[in-house]
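A.B. asks: Following is a predicted model, sequence given first.
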Amino acid sequence: MISGFVIRDGLEHDIPICLELDHHYQTDFVWQMNIAETSGQWQITFKTERLPRTLETAYTPNTERLQLALPSEQCFLVAAARDGDELLGYLTMRNDPVYRVALIQDIVVSQPYRHHRIATRLVGVARQWAKEHNLIQMTIECLTQNYPGITFCQQAGFKFCGYNDQYYPNHDIAIFFSQALR
């Protein structure tokens, strides 16, 4: 149990600790994507599907993404226990100054510390950071299999805004949720 936590800028020495956090999650649901083409018309649908059994999987942390988030024009936040140096979670967000969009790539809270509003606070601080950098939109990328992440995005007020069916190196589908900052 944690007695409190703080959100601070992530530092280079935090990266190995972030990589060691428990990135596993379980889900009984996924977003199933279907594509149908008829007479030159495309119809893409996403449907929540119940799985025949609980899917236990791990989000794969990415050292390079964490390192790319270190410069001051990017955003790397960590949640740390108030009474110690233990890291509880982290967030990385890419700043696109051309389109004035913030793209959240990672929101991770270690398994033992979930359901303490840590992810909500990380996103709140990231939102403030984006506003201070004159960005007008925040977008979160998420796997279709990460139903807990999808639910979090929706509960945080983000709206589904698109997908890319070849986004990740392993060709998994990315779905995107967005929120205006004004």
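C.D. replies: Noted; the coordinates are in hand.
A.B. asks: in its sheet, what does the lengthiest strand in the chain sit against?
C.D. replies: Using DSSP state E to define each element, the chain has its longest strand at strand 41-58. Here strand 41-58 is paired, per DSSP bridges, with strand 24-38 (antiparallel).
A.B. asks: What does Q67 show for phi and psi?
C.D. replies: phi -70, psi -40 (degrees, to the nearest 10).
A.B. asks: Could you count how many residues lie near it?
C.D. replies: Counted by other CB atoms under 10 Å, the residues lying close to Q67 total 14. Any C-beta I mention is one placed from the backbone N, CA and C, and that applies to glycine too.
A.B. asks: mean confidence score for the longest strand of the chain?
C.D. replies: Mean pLDDT, computed over strand 41-58, is 94.
A.B. asks: Next, the buried residues of that strand.
C.D. replies: Buried residues in strand 41-58, counting neighbours by 16 or more other CB atoms under 10 Å, are found at F46.
A.B. asks: got a list of contacts for that strand?
C.D. replies: Contacting residues not belonging to strand 41-58 are listed as 23-37, 144-145, 147, 160, 163, 175 [CB atoms under 8 Å, 6 or more residues apart in numbering].
A.B. asks: try 7 Å
C.D. replies: Residues outside strand 41-58 that contact it (CB atoms under 7 Å, 6 or more residues apart in numbering) are 23-36, 145.
A.B. asks: Could you do stretch 73-86 as well?
C.D. replies: Here stretch 73-86 makes contact (CB under 7 Å, 6+ apart) with 2-10, 14, 18, 66, 68-70, 87-95, 118, 121-122, 125-126, 129.
A.B. asks: Out of these, list just those in helices.
C.D. replies: The helices, defined by DSSP state H, take in C18, L66, L68, I118, R121, L122, V125, A126, W129 from the contacts of stretch 73-86.
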